[in-house]
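Chemist: sequence-free structure coming up:
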Ligand SMILES: Cc1ncc(C[n+]2csc(CCOP(=O)(O)OP(=O)(O)O)c2C)c(N)n1
Ligand SMILES: Cc1ncc(C[n+]2csc(CCOP(=O)(O)OP(=O)(O)O)c2C)c(N)n1
Ligand SMILES: [Mg+2]
Ligand SMILES: [Mg+2]
């Protein structure tokens, strides 16, 4: 047992898989330059020492190429783990993800698989609108992609190992304020966990209940799952008991755990840092309104980033992104309903 | 008054705006080559005869460039109307749309506007997965973009004129089976309208009620709005009365018209050719479950393309995309609830 | 002029070219009849490129193609029957009917699923080549693309990486002078849009008569050898011409008649046929026998495909995620 | 060596370079103090590029920059105060605090909102240039980018179009040898990643000592003149070096010490200062007076910005759609 940050847990997952399986390799910009950072957030730093530059590839600034190389290599037996520095740059490789990676297995009539992991650091950290997005929802909508979003080091490790072993393309979101890497950020949260010495894997499609409760079911991912827990602690003192569910993977999505919880609470609140309009919470809300509307004792409630690009100015950024306070306030209203 | 196809109505809207405003210009691949097609669907054919190749620009196959040129030109006073041949290629220019066009006004603190129209022919027509998508939802999710999806020639003309005059980037979806262009397609539907001789403009954010009804509110766009009307006609005979609403623009979205209708019907059915998982209907369903859940007498119901890439084989394509029959069947169940 | 190869080789090449031509003509006819769904981008006139480039690949070498894949697929060895079934959207199609005309391919013969995103296959081919290199295999990839594709960002990113990493990939540009209706002259001010840009990446390049199957094949063999030896990528620009529209129903109104005539006079199949006869490699009767056999095979494939069953509807919901175990 | 210009011009150029240096050093200090939010990519050491390229632009000419914009913005005339306020996220920032360090700019002086997507500004600059051409204006655009950006697909697409359409744009590559931590040598096998690729587009190119403001300026003037006369784009590759980390907290452990020393010895500001003194264009005292004035101005700007109000929270919900009428 060792306490690890998410950054280190991810590194250890990748290293273990690289040791186990010679087809696994890392690729990305500034991936592991001697004297450099190891991606933008230290995750891949030092991997070349053990695995060499043949398996830790430093690329040009060529996002189409990075994704395309992953697709091609994956189709002939490799398992690339790519790093994108900031998830905002996913849009630069969108064709390769949406039209190629996601569709190749299907278009070929199941001839070929595309096992690749695209690591995408997300979340707002006072960098301005082009380095701040939480673009999970774009990828949730793509048939053929799996979407992962760990919020603790324990989950990060177990889910990364599953992502690498999965035979399908996986977009793996890592929140910059949760890394706990040596690169310090204002507003960072400690998401470190005790990591077992033994190998473990976390299957996709199993949500984690972070906190049990009986009045309101809160579903929140990444940074928001931590804020939801903070909010739940505050609300507890006011007599409002919240069950906090972290879906951990958005595709596949564990509707069952949410539904089970709703049977107790009858009230659903969804929180994400991605925008409100057609953020992933819309799908969960819609699904419940389709399949389990009679479980609801109150309207569904979503707390999300407002529908603007993320502003740079710290107070504005804080305002646009759901704060613990906004979650608490909204929950109070919901509790009264 | 003349009866026009959508293709011709769009051409006439663009031509009128080009005559009115010298800053409007067309740009795209194969946009108007003498002896050529006029884009992929004849809309821009012949425009160069009147406006010259300075205002009807045939580009290289360079989607990043096309979108980037629009952003740049728009920022210094021009009003580009770009053509993408197939909406599937939007993913090749995604960075310029999501990170640039949509964010520029905001990031600049409102210094600059980006009035541009990106025309995106969508829908499945037995071309296989990379020429078949209905990717409205990706763009609905982007703060800063407006999203338009006409289903009749009358609307196409009025909305295109508004799109060109709008001071913001607009993604303009045109359904390939609705064009009524000389390029014939299996399964094409006649969406021609009488077009007034006088100029008219259709504002964004105003849905059209295609058919009144009292039992079920159906919200459907593009091709699906036509299938919804067909379904409503069949259902009428069975005594199920459907109100069919075509939102016409997805951003901004006219929630009010839907809510008004729900006050009568209490039942909501949403139909789109875009995929089920986090398709745009999820936002409408979620919005109603948040704000007007007590209007509902039954679960919300979505009929959408199944969550797979679009298969080529005609029977499979037909199966994956909502058919009139599937709409009818689902409505029958909903009516019973 | 390049020396004609052995009889066996020459006739085999001829047969492949003839197969492609006859296939494309049959497909054209089937569309014309209205019984084939969707659209098609045909390679009529470009047969020498497909056969010349791919003739000396091994089965386990890979080929990446575009929206205009049929010639490449047939030359790489995808079966006529599975191609034809795919065109009709039948269950026995090479992609079970899910791919269609722009996505044919068969991995068992190294023909990757065709890619209908212009330029989309270029970085993917680099990825395959990178994998071969990492796996210490001596396999190579031939990646086809058009003149128009050279203006895509994906082209640039792929060329740069292929060069920098010395990947075993051969980038074969079929410059047929047009991208859809647009002359390459108005979208790029280089004489040779692929080859003239090779220097920007330090990639060796050749410009080759794409209608001379032997010239194409010689260039291909040089490039394949370089790639196999680990000496990196080559760009081969093949000057050729479509003897057909860009897609179904394109009358090519944008092409000057004199240009068409000049190129039509240089039909790659007629050229090769004449050489075979002139140099007495084979007789008219021998060639006619091949042609008749191919014609028969195609007729059979069409009959087979027409009568073959469509896929079960539920199969539409399969193959969306790879469900197999690790292997 | 290029002849030194008039005293007025030389001192003005010097002042602008000094302003950039002093500004960047102050910003560095403010980050170090921990009172500045986010991160910063500084242009310390690259001042000659910014000033040399932009000195002879008109106010209504445009400039497009990157994640490393401060030098370019100041050289184009964005006010110190509005830059400093933006860095602190204040309402009086050039982007009302919404842009931040990677998005500074002021359209009233032709400084476009900086673009933090590597390569993202290249096609946008082409669009501005196309608009100028359509509007029959004689304006030009200078578009900066880094060595690393030359490997982006956007670079290729923009260069090809700029060349084919003869756009009035000058593409200025500041080759500081690294993209973040990665040496350009390992991601591109060309000596001059921008200039050596210009031939692939038929664009004229120059390689220039980016630490010599006069050399940069001469090249810029040639290119501006070509562009204004409708003769099309130019690529200028400026060899330069960061005297700072890629971003906040980067100790440059990936750069060889000898390389750093060699470049540090060629500080563009010291070089220009020495020439001014050696050629007796101005005295030490005159330069010191300029320096002191700048130092004061920066101090004032910092004080001002520190005390300036943050934007109202609700302003976060404004400027998302342009609400003005048509104009
Ligand atoms: C990214 C993308 N943009 C546009 C298209 C539409 N399109 C299909 S084929 C084609 C022309 C391709 O020209 P070229 O690369 O020369 O190949 P050719 O058709 O001549 O074989 C175009 C523009 C596409 N399929 N993909
Ligand atoms: C599309 C994209 N990919 C990656 C990044 C991350 N990134 C920011 S700056 C940088 C290096 C840029 O190098 P170069 O173009 O040489 O400019 P320099 O920083 O040296 O000025 C990288 C990779 C980005 N901002 N945008
Ligand atoms: Mg071509
Ligand atoms: Mg650099």
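Modeler: Sure, I can see it. Remember, predicted model here, so these are calculated numbers, not experimental data. Numbering: from 1, shown residues only, chains lettered A, B, ... in the order given. Ligands and ions are numbered 1, 2, ... in the order given.
Chemist: interface residues of the stretch 201-327 of chain C facing ligand 1?
Modeler: Residues of the stretch 201-327 of chain C lying close to ligand 1 (Cβ under 6 Å from any ligand atom) are residue C:246. The way it works is simple: take the backbone N, C-alpha and C, and place the C-beta from them, glycine included.
Chemist: what about residue A:125, which SS state?
Modeler: Per DSSP: H, G, I helix; E, B strand; the rest coil, the secondary structure class of residue A:125 is coil.
Chemist: can you pull out the helices in chain A?
Modeler: Using DSSP state H, the helices assigned to chain A run over residues A:6-20, A:47-51, A:63-75, A:94, A:102-107, A:136-140, A:153-165, A:222-237, A:255-265, A:280-291, A:314-320, A:324-336.
Chemist: ditto for the stretch 101-250 of chain C
Modeler: C:121-134, C:153-164, C:213-228 (DSSP state H, counting those that start in this stretch).
Chemist: so the host helix or strand of residue C:294, near chain A or not?
Modeler: Under the criterion of DSSP states H and E, residue C:294 resides in helix C:284-307. No. Figure legend: helix C:284-307 not in contact with chain A (Cβ under 8 Å from any Cβ of the partner chain); closest approach 15.2 Å.
Chemist: quick one: the closest residue to ligand 1 within the stretch 201-337 of chain A from residue A:285, how far?
Modeler: When distances are taken as Cβ to the nearest ligand atom, the stretch 201-337 of chain A reaches nearest to ligand 1 at residue A:278, 25.1 Å away. With distances taken as Cβ to Cβ, to the nearest Å, residue A:278 is found 11 Å from residue A:285.
Chemist: identify the contacts common to the two.
Modeler: residue B:282 (Cβ atoms under 8 Å, 6 or more residues apart in numbering or on different chains).
Chemist: so between these two, which is more surrounded?
Modeler: Each of residue A:278 and residue A:285 has its neighbours counted (other Cβ atoms under 10 Å in any protein chain shown); residue A:278 has more, 33 against 27.
Chemist: can I assume that one is in contact with residue B:281?
Modeler: No. Residue A:278 lies out of contact with residue B:281 (Cβ atoms under 8 Å); the separation is 9.6 Å.
Chemist: who touches the residue of the stretch 201-337 of chain A closest to ligand 1 in this structure?
Modeler: If you count contacts by Cβ under 8 Å, 6+ apart, residue A:278 has them with A:137, B:137, B:140, B:141, B:278, B:280, B:282, B:283.
Chemist: residues near the first one, how many?
Modeler: Residue A:137 has 26 neighbouring residues, counting by other Cβ under 10 Å.
Chemist: contacts for stretch C:267-277 next, please.
Modeler: By Cβ under 8 Å, 6+ apart, the surrounding residues in contact with stretch C:267-277 are C:4, C:10-11, C:13-14, C:17-18, C:21, C:45-48, C:210-214, C:240, C:243, C:281-284, C:287.
Chemist: again but with stretch C:243-258, I slipped
Modeler: B:33-37, B:183, C:24, C:28, C:31, C:39-42, C:44-45, C:178, C:180-183, C:242, C:260, C:263-264, C:267.
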